[in-house]
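[1] quick one, fold the following:
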Amino acid sequence: MMLDNNLVRHLDACETMGNATAICSDKTGTLTTNRMTVVQSYIAGHTFKTDPPHYDMLPPKSAELLISGISLNSGYTSKILTSGIPGDPPKQVGNKTECALLGFVRLLGKDYQPVRDEFTEETLIKVFTFNSMRKSMSTVVPRPGGGLRVFSKGASEIVLKKCSFILGANGKPLKYNAIDRALTARNIIEPMASEGLRTLCLAYKDYVPGEPEKNEVHYGIDTPPNLDDEDAITTGLTCIALVGIEDPVRPEVPAAIRRCQRSGITVRMVTGDNVNTARSIAIKCGIIKPDSDFLVLEGKEFNYKIRDEEGEVKQELLDKVWPKLRVLARSSPQDKYTLVKGIIDSKLTANREVVAVTGDGTNDGPALKKADVGFAMGLAGTDVAKEASDIILTDDNFTSIVKAVMWGRNVYDSIAKFLQFQLTVNVVAVIVAFLGAIIIKDSPLKAVQMLWVNLIMDTLASLALATEMPTSDLLKRKPYGRTKPLISRTMTKNILGHSVYQLIVIFILLFCGHNLFDIEDGRYQTFGAEPSVHFTIVFNTFVMMTLFNEINARKIHGERNVFEGISGNPIYYGIWIGTLAAQVVIVQFGGPAFSTSGLSLEQWVWCIFLGMGTLLWGQFINSIPTKKLPKKFFSWGAGPPEERLSEMVESDMPRSRMSSMDSMRDGQILWLRGLTRLQTQVCLPFTSISYLERKGWHCLLCV
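    As a prediction, this is how the structure comes out:
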């Protein structure tokens, strides 16, 4: 998974992701490229859509304030660096939104660095850093000629509400009231947002020592402004410009989202951007479609719909919103947490929703912790977000989440494949040994042969089946669900069906093989006699059927072509060929150590032919309709994990292990529970081992 840009911090999150039914994704950097560029602007009463204006085209005051505001009211760690590779675009370092604005300064024909050299970080008087609540950033700097100057930038509708003036065509301030703001929003902001642009407003405010202009505030030595009062400092602003920043959708994201939707996963966008911008990006990504029934809400409207008169979140109200919700705009980290928690706690669906969420900020920690699987951004994420996450996306790309889904489903399928293979082997081996010991007073499969089958061949088979790489076919089915049986009806059908074939073949060889092959009957040999060819054929045929059934076990959903993709897994066919070669050595040269006698070429051909019969028999089993089989008798391991976990742990765990359970994750608990149950129940069918051993019988699971 690391090669697919998924750094897994908690191992159980991998399998959980395979059953995800909902993904709440950020927009910037995950669905988009996070390489931002200013493509439209509104300055001094003019809109520039195609080409950016040059510095000399703007009123001097507006141009000067614009350059200073962008250069100073940004993190000094945000920079535009020249790429070392000829022809490549400049490298953006730091906050991408600020880098877009700094790039805009260069497009105007100026450089931001001389302004920063004049006003170093030490000279900045006060900085109100950007956060998800204020959605703006403001910086107080010394004003040329005395006094203070406040630069502010942020979400256009947020900052415009604080503006009482706007710079006109000649660079002089004009009165700016609520009607003007509404017109600006309708004529400037909404068209930009509808094109998927992030809109920002740049503004300023002057505190002057002398007689103030209409958009200035008097600054007295005896009555300085309270710089801790952010509301007072950042009101009465003068709008300098509005800019539209483009953050293109990643080219591969729409296809990835379509694959998620086909596989039964609902993708929701949770962003802090303008609702029109969010809707436009969601349409481009394919999250929402014009002909579908969906909801696009802002954070305020979302909270209004899910809270009662006392302001408390009500699950019944949230259940009316989240099923159709696809885009949550202008949202806060608390809104994201509320949405994730509400989906998880909902009882609307038969199976509880499994929710994955992405986050990069410190405030995203609670949502990442609450989600079934939390994805932190490896490039843009904070350390707090990474610590709270289960998986870190090293490339911040949504397609990596889709790969995590594929890996999760592949893990589940690998477990199911091995269970199907292992249970078939054990069912046949136990029945053959048990009935053989009763009927002919001897087990056709000797202890050392069972050791080879169970401890060596099955171990290698588990490694082979577990190394199957995930394919896109995994995304063609719906999630399993938290209560789906581990052993499905299809698996039970395969286990019983192949067991029947193998038992028929083995018992025919056991009772009639000496006549069919014209060899000595090995059923009634005296103690200490040489290994018989008869029982060697039985053992060899059983191993051949098991080997070819290992190929059948590669497919657990009724697929016809069991060889599909086998050439792309060298570990699998390497182990298969190696096991076959080892079997040849054991049969031909094992002698008394493995209770075998060398076989002729004709006998080998018949053993392999009967083994290959499992492939044809598998096609017959696939023809049996699975849906007509009763779930009650053909599926095992179903049930909600939350309800059964504590009960199982308490019943299975010794008290000495219970003391440290609180600090364990569910995956560790389930592992210890399974280990304990194996220890206590592995010999349960043979309750009197000593008695059986005196009779010459052996517990096959203990050999």
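
[2] flag the shaky bits of the chain, pLDDT-wise.
    Per-residue confidence for the chain (pLDDT under 70) gives these ranges: 526-528, 630-703.

[3] how about a cut-off of 80?
    Applying pLDDT under 80 to the chain picks out residues 50, 83-89, 132-133, 220-223, 442, 454-459, 481-486, 522-529, 558, 626-703.

[4] scan it for its longest strand.
    Longest strand in the chain by number of residues (criterion: DSSP state E): strand 197-208.

[5] packing partners for that one?
    Counting contacts by 3 or more Cβ pairs under 8 Å, 6 or more residues apart in numbering; DSSP states H and E, strand 197-208 packs against helix 60-72, helix 96-107, strand 148-155, helix 156-160, strand 216-218, strand 237-246, helix 275-285. Where you see a C-beta, it was placed from the backbone N, CA and C, and this is true even at glycine.

[6] would you turn these into a markdown table with mean neighbour count and distance to P254?
    Output for the helices and strands packed on strand 197-208, formatted as a markdown table (neighbours: other Cβ atoms under 10 Å; distance: least, Cβ to Cβ, whole Å):
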| stretch | mean neighbour count | distance to P254 |
| --- | --- | --- |
| helix 60-72 | 21 | 33 |
| helix 96-107 | 22 | 21 |
| strand 148-155 | 24 | 26 |
| helix 156-160 | 22 | 27 |
| strand 216-218 | 17 | 49 |
| strand 237-246 | 24 | 17 |
| helix 275-285 | 23 | 6 |
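
[7] I'd like those laid out as JSON lines, including distance to C260.
    JSON lines is the format used below for those (distance: least, Cβ to Cβ, whole Å):
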{"stretch": "helix 60-72", "distance to C260": "38"}
{"stretch": "helix 96-107", "distance to C260": "25"}
{"stretch": "strand 148-155", "distance to C260": "29"}
{"stretch": "helix 156-160", "distance to C260": "31"}
{"stretch": "strand 216-218", "distance to C260": "53"}
{"stretch": "strand 237-246", "distance to C260": "25"}
{"stretch": "helix 275-285", "distance to C260": "11"}
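
[8] for these, which one sits closest to K314?
    With Cβ to Cβ, the closest approach to K314 among these belongs to helix 275-285: 23.6 Å.

[9] next SSE downstream of that closest one?
    Next helix or strand after helix 275-285 toward the C-terminus (DSSP states H and E): strand 295-298.

[10] what does that following strand contact?
    275, 278-279, 282, 288, 305, 321, 324-331 (Cβ atoms under 8 Å, 6 or more residues apart in numbering).

[11] one more pass at 7 Å, please.
    With contact meaning Cβ atoms under 7 Å, 6 or more residues apart in numbering, strand 295-298 is reached by 275, 279, 288, 321, 324-330.

[12] do stretch 156-164 as well
    135-136, 152-153, 176, 181, 184-185, 189, 199-201, 203, 234-239, 242.

[13] among the residues you listed, name the buried ones.
    135-136, 152-153, 176, 181, 184-185, 189, 199-201, 203, 234, 236-239, 242 (16 or more other Cβ atoms under 10 Å).

[14] helices or strands up against the helix or strand encompassing M545?
    Element membership of M545 [criterion: DSSP H and E] is helix 533-552. Of the remaining helices and strands, those touching helix 533-552 by 3 or more Cβ pairs under 7 Å, 6 or more residues apart in numbering; DSSP states H and E are helix 398-439, helix 489-516, helix 570-589, helix 601-622.

[15] just the C-alphas of it, formatted as PDB.
    Output of helix 533-552 as PDB, limited to C-alpha atoms (Å, rounded to 0.1, in the frame of the first residue of the first chain):
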ATOM      1  CA  VAL A 533       1.800 -48.200  -3.700                       C
ATOM      2  CA  HIS A 534      -2.000 -48.400  -3.100                       C
ATOM      3  CA  PHE A 535      -1.900 -45.900  -0.200                       C
ATOM      4  CA  THR A 536       0.700 -43.800  -1.900                       C
ATOM      5  CA  ILE A 537      -1.700 -43.300  -4.800                       C
ATOM      6  CA  VAL A 538      -4.500 -42.300  -2.400                       C
ATOM      7  CA  PHE A 539      -2.100 -39.800  -0.700                       C
ATOM      8  CA  ASN A 540      -0.800 -38.500  -4.000                       C
ATOM      9  CA  THR A 541      -4.200 -38.100  -5.600                       C
ATOM     10  CA  PHE A 542      -5.400 -36.200  -2.500                       C
ATOM     11  CA  VAL A 543      -2.500 -33.800  -2.800                       C
ATOM     12  CA  MET A 544      -3.100 -33.300  -6.500                       C
ATOM     13  CA  MET A 545      -6.800 -32.500  -5.900                       C
ATOM     14  CA  THR A 546      -5.700 -30.100  -3.200                       C
ATOM     15  CA  LEU A 547      -3.200 -28.400  -5.400                       C
ATOM     16  CA  PHE A 548      -5.700 -27.900  -8.300                       C
ATOM     17  CA  ASN A 549      -8.400 -26.800  -5.800                       C
ATOM     18  CA  GLU A 550      -5.900 -24.100  -4.800                       C
ATOM     19  CA  ILE A 551      -6.400 -22.700  -8.200                       C
ATOM     20  CA  ASN A 552     -10.200 -22.900  -7.800                       C
END
